[in-house]
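> any chance you can model this:
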Amino acid sequence: MINLVIDGRPREFRLTRINDAWSRAMEAQRCEGAVYAPPLPGLKPPAFEPPPVYGRAILELMDLPMLRDDDVGFAPYVGASAMPFVGVTLLDSATGVDYALDTVLPVRATIGETVFDFWSGPTAYFDIVNTLRVKLYSGELASLDEATILSGRANALAIRNADGDWEILQFCNAALVDAGVYDLTKLLRGRLGTEHAMRNPVAAGARIVVLDGVIAQIQAALAERGVTRFYKWGPSSLDPSDVAWQQGTFTARCVGLMPWSPVHVAGVRNGAGDLAITWIRRTRFGGDWADGADVPLNEESERYEVDILDGANVARTIATTFPAATYSAAQQTANFGSPQPSIAVRVYQLSATVGRGRPAAATL
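A predicted model of the protein is given here:
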């Protein structure tokens with residue numbers, strides 16, 4: 001290192017070449033001498049740290065029943081995971097041209113996939129036959145006792161079938177069998193009215209999302225039901241033009257507003273051959289049995305439709321405002337030629353906003 005005064009100002013140079021001939025010629029490069037100074041005691045010398053490289057985030061938009069009583073019934077849910085995770089920003093657009101901020105996800109969701117095929121199971125009691133093996137992309141799971149599972153919505157996850165519907169279930173036991181791989185047993189199936197999403201089977205590789213406090217709702221409007229919208233998402237620290245950002249479309253069905261299927265569908269015939277059909281309704285939220293009589297209606301009015309089936313066709317639809325209907329012998333004769341020994345029915349509760357909810361099917 002040499003110091004030269006140029007135009008009255010000191011400059012530091014690093015010699016890069018010396019040529020001894022009749023005269024000594026030297027070449028030097030301007031530099032800062034402090035770079036070559038020994039570090040102060042107790043301080044590490046400066047080291048180059050490459051900038052982080054962000055991979056593409058896994059983001060799941062989910063049309064689910066209302067997870068919490070104060071959630072918005074028509075707004076889908078969202079969770080995202082990435083490695084490394086610096087937060088994920090979600091933008092949306094009605095046209096795919098002008099995007100606006102929708103949701104910021106500051107905490108990574110626990111997302112993974114199933115390892116084996118997963119079969120349907122009972123909904124009225126613990127499923128102790130099926131084992132759900134999952135591989136997590138990040139995060140971990142833990143076991144909880146029966147009382148904790150039954151008292152709330154802990155250890156809940158959603159599993160998506162090939163049709164895009166999600167079954168929500170809870171698990172008591174989570175056994176670590178490999179890095180990030182768990183066997184989940186002692187299951188509560190079809191939670192929050194999602195028993196319709198069971199399949200035989202849901203094929204291996206199905207997406208699973210743990211439904212904890214990290215899962216958020218996106219900004220949505222009821223008028224967007226059935227309308228395809230455009231979304232972009234990526235690391236919050238990067239510009240949307242970066243290759244780590246992705247885009248896609250999603251069509252909300254407002255599943256949170258759909259009445260759950262009725263239960264305990266039964267039928268009794270009188271001496272004339274009339275079939276009296278009864279059932280018990282459920283409610284979409286606030287279902288604590290507080291008064292010992294019935295759960296809240298949570299709809300603008302109580303309405304039902306009962307489809308009388310002739311094979312795959314609907315022979316008749318009976319509308320009612322009470323959880324009961326009568327299919328008279330005369331109506332059976334009009335539809336089938338005579339009173340029938342067994343009748344296949346589908347019972348729907350109606351919403352003033354989205355129409356029919358999930359059906360309850362029975363043969364009476």
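
> which ones are touching Val354?
The neighbours of Val354, taking CB atoms under 8 Å, 6 or more residues apart in numbering as the test, are Arg225, Arg253, Cys254, Leu257, Met258. For every residue, glycine as well, the C-beta is placed using N, CA and C.

> and these, which of them are buried?
Applying 16 or more other CB atoms under 10 Å to the contacts of Val354, the neighbour count classes Cys254, Leu257, Met258 as buried.

> any idea which of these is closest to Leu188?
Within the buried ones among the contacts of Val354, proximity to Leu188 (CB to CB) peaks at Met258, which comes in at 20.8 Å.

> which residues touch that closest one?
By CB under 8 Å, 6+ apart, the contact list for Met258 reads Pro65, Arg284, Ser351, Val354, Arg356, Gly357, Arg358.

> what about the second one, how many residues close to it?
Meaning Arg284. Applying other CB atoms under 10 Å, we find 25 residues neighbouring Arg284.

> does it count as helix, strand or coil?
Reducing the assignment to helix, strand or coil with DSSP: H, G, I helix; E, B strand; the rest coil, the entry for Arg284 is coil.

> and the gap between Ala142 and Tyr125?
As for Ala142, its distance to Tyr125 is 23 Å (criterion: CB to CB, to the nearest Å).

> now swap in Leu257 and tell me
29 Å.

> redo the buried ones among the contacts of Val354 as a markdown table? Include pLDDT.
Converted to a markdown table, these look like this (pLDDT from 0 to 100):
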| residue | pLDDT |
| --- | --- |
| Cys254 | 96 |
| Leu257 | 97 |
| Met258 | 98 |
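
> now, among the residues you listed, which is nearest to Arg14?
Nearest to Arg14, judged by CB to CB, of the buried ones among the contacts of Val354 is Cys254 at 68.9 Å.

> what's the spacing between the closest one and Asp178?
With the distance defined as CB to CB, Cys254 ends up 39 Å from Asp178.

> ditto for Glu146
Distance, Glu146 to Asp178, using CB to CB: 26 Å.

> do the same with Arg284
Using CB to CB, one obtains 38 Å as the distance from Arg284 to Asp178.

> repeat for Gly271
As for Gly271, its distance to Asp178 is 64 Å (criterion: CB to CB).

> now do the same for the one residue sitting closest to the centre of the chain: its pLDDT.
Ranked by distance to the mean C-alpha position of the chain (CA atoms, centre = their mean), the top residue is Met62 at 4.0 Å. At Met62, the model reports a pLDDT of 98.

> can you tell me who it pairs with across the strands?
Judged by DSSP bridges, the bridge partners of Met62 are Tyr77.

> Asp127 now?
Beta-bridge partners, per DSSP bridges, of Asp127: Leu187.

> residue ranges of each domain in this structure, please.
The record assigns the chain these domain ranges, following automatic domain parsing: 2-36, 58-257, 263-363.

> alright, I will stop here.
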